[in-house]
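S.K.: Sequence below, structure please.
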Amino acid sequence: MRVLGISGSLRAASINSALLRVAMRLAPPEVTLTVFPGVGGLPLFNPDLETQLPPQVSALHAAVAASDALLFASPEYAHGVTGSIKNTLDWLVGFEPFVYKHVAVLNASPRAHHADVALRETLKTMSAVIVEAASVSIPLLGAHLTEEGMVQDPMISSAIRGSLLALRDAVVRGQPGQGPASPLP
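M.R.: I've put the predicted structure just below:
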């Protein structure tokens with residue numbers, strides 16, 4: 001199963017991006033997780049560009065279309081989602097392969113509940129299938145853990161593995177009325 005990770009943070013030392021990289025390391029053998037590298041390179045959404053997509057947007061579309069599920073990790077700014085994650089989602093509105101895509105939301109700061117709620121609302125509006133069992137809060141803010149420390153921490157590694165297994169199981173089971181499930185490779 002192919003999972004695409006999308007971080008809503010552009011910071012080099014982002015705990016959300018680190019969380020996705022750790023998830024890549026902890027993914028079970030039947031799950032291939034890659035992180036989309038170009039969120040910061042996407043141009044600002046402009047419907048006039050949809051007739052001839054910029055290369056960065058075409059790369060996003062290709063990565064989303066090739067994935068069986070998406071895994072989001074995004075910080076909160078001013079009680080909302082970041083501009084980078086909103087811009088990324090705006091480029092996916094109306095993109096047919098996104099519709100009914102299984103998604104999970106990782107929250108690296110449980111106090112960032114406004115962004116978590118806003119991100120989920122946007123994803124629901126876009127007809128994503130939010131896998132609640134795979135959407136977890138992992139208290140990393142202020143923990144000062146390296147990526148290796150996250151991998152070694154039993155609570156964190158267990159939560160990430162559990163999230164990926166729940167996402168895998170949801171994709172394999174599929175959801176009634178939402179298209180066929182993708183078979184495991």
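
S.K.: so what's the most centrally placed residue in the chain up against?
M.R.: With distances taken as C-alpha atoms, centre = their mean, Phe72 lies nearest the centre of the chain, 1.9 Å away. The contact partners of Phe72, by C-beta atoms under 8 Å, 6 or more residues apart in numbering, come to 5-8, 85, 103-106, 119, 123. Quick note: C-beta positions are derived from backbone N, CA and C, even for glycine.

S.K.: Then Ser17?
M.R.: 7, 9, 11, 35, 73.

S.K.: and those residues, which are buried?
M.R.: Those of the contacts of Ser17 that meet the buried threshold are 7, 9, 35, 73, by 16 or more other C-beta atoms under 10 Å.

S.K.: Inside strands: which ones of those residues?
M.R.: Those of the buried ones among the contacts of Ser17 mapping onto strands are 7, 35, 73, per DSSP state E.

S.K.: Quick one: those as CSV, columns for distance to Pro47 and pLDDT too.
M.R.: Below are these laid out as CSV (distance: C-beta to C-beta, whole Å; pLDDT from 0 to 100):
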residue, distance to Pro47, pLDDT
Ser7, 25, 96
Val35, 27, 97
Ala73, 27, 95
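
S.K.: follow-up on the earlier one: from the contacts of Ser17, which two are the most distant?
M.R.: Arg11 and Val35 (14.3 Å; C-beta to C-beta).

S.K.: Tell me how confident the model is about stretch 12-19, as a mean pLDDT.
M.R.: Stretch 12-19 carries an average pLDDT of 91.
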